[in-house]
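A.B. asks: got a predicted structure plus its sequence, pasted below:
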Amino acid sequence: MYKNIKEVGLPVWDKKDQTLAKAVQKEAGNKEIKGLPTELDSLRGPVSSKNNWGGGSDDIGDISWTVPTVTLRFPSNIPGLPGHNWLNGISMATPIAHKGAVAGAKVTAMTLVDLFTNKSLVKDAKKYFNNQTKETKYQPMIRKTDKPAIELNEEIMRNYRDEMKKFYYDPSKYETYLDQLGITYPTIKKK
């Protein structure tokens with residue numbers, strides 16, 4: 001996957017993307033206003049437990065304990081923002097998120113082609129995985145008899161779905177979601 005990340009490279013951010021990113025970083029009170037990354041970071045090995053402060057979560061837990069997996073995190077947001085903060089939602093309807101998602105999708109597609117066409121990659125991944133988990137017996141928290149509570153938010157969604165539909169993106173009428181909302185990109189505070 002890293003070979004494909006290097007081939008695709010980071011998204012090409014334009015001046016508007018960098019302007020918004022730097023303005024949001026400033027709003028967050030960052031000491032260093034760097035904007036969006038323009039150079040790939042190097043690939044690093046596992047972090048020691050002493051220095052491991054955690055990371056983003058995903059929903060592949062049960063799968064990753066039973067077969068080899070790979071996770072891609074591509075820049076689609078503004079770096080340097082406080083976790084679980086409203087500032088992290090700003091870029092989601094902007095070209096920043098779209099460019100990151102498209103670049104990440106390219107890497108994913110290229111990696112899948114590699115895995116489907118190079119059997120030794122899969123064989124090596126299984127060998128590595130089996131070696132790493134040889135002393136671990138995984139016990140899932142979810143039993144085979146457990147059913148998802150899909151009705152949990154049914155009433156809430158029934159009450160709000162029509163209101164939410166007003167905000168669904170209509171690509172037949174608008175070039176971008178920001179156009180639909182009447183937002184000029186980037187929108188930043190006046191000095």
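C.D. replies: That came in fine, so what should we check first?
A.B. asks: ok, residue 21 touching residue 37?
C.D. replies: No. Taking contacts as CB atoms under 8 Å, residue 21 lies outside contact range of residue 37: 9.6 Å. No exception for glycine: its C-beta is placed from N, CA and C like everyone else's.
A.B. asks: give me the common contacts of the two.
C.D. replies: Contact criterion CB atoms under 8 Å, 6 or more residues apart in numbering; residues shared by residue 21 and residue 37: residue 79.
A.B. asks: quick one: mean pLDDT over stretch 113-121.
C.D. replies: In this model, stretch 113-121 has an average pLDDT of 97.
A.B. asks: now stretch 149-158
C.D. replies: What stretch 149-158 shows for mean pLDDT is 91.
A.B. asks: and the end-to-end length of that stretch?
C.D. replies: Taking CA to CA, to the nearest Å, the first and last residues of stretch 149-158 lie 16 Å apart.
A.B. asks: list the buried residues for it?
C.D. replies: For stretch 149-158, the neighbour count (16 or more other CB atoms under 10 Å) marks no residue as buried.
A.B. asks: between residue 21 and residue 37, which one's more packed in?
C.D. replies: Counting neighbours by other CB atoms under 10 Å for residue 21 and for residue 37 shows that residue 21 has the greater number, 27 against 13.
A.B. asks: which other helices and strands contact whatever helix or strand that one lives in?
C.D. replies: With elements taken from DSSP states H and E, the one containing residue 21 is helix 15-27. With contacts defined as 3 or more CB pairs under 8 Å, 6 or more residues apart in numbering; DSSP states H and E, the packing partners of helix 15-27 are helix 95-117.
A.B. asks: many thanks, we can stop here.
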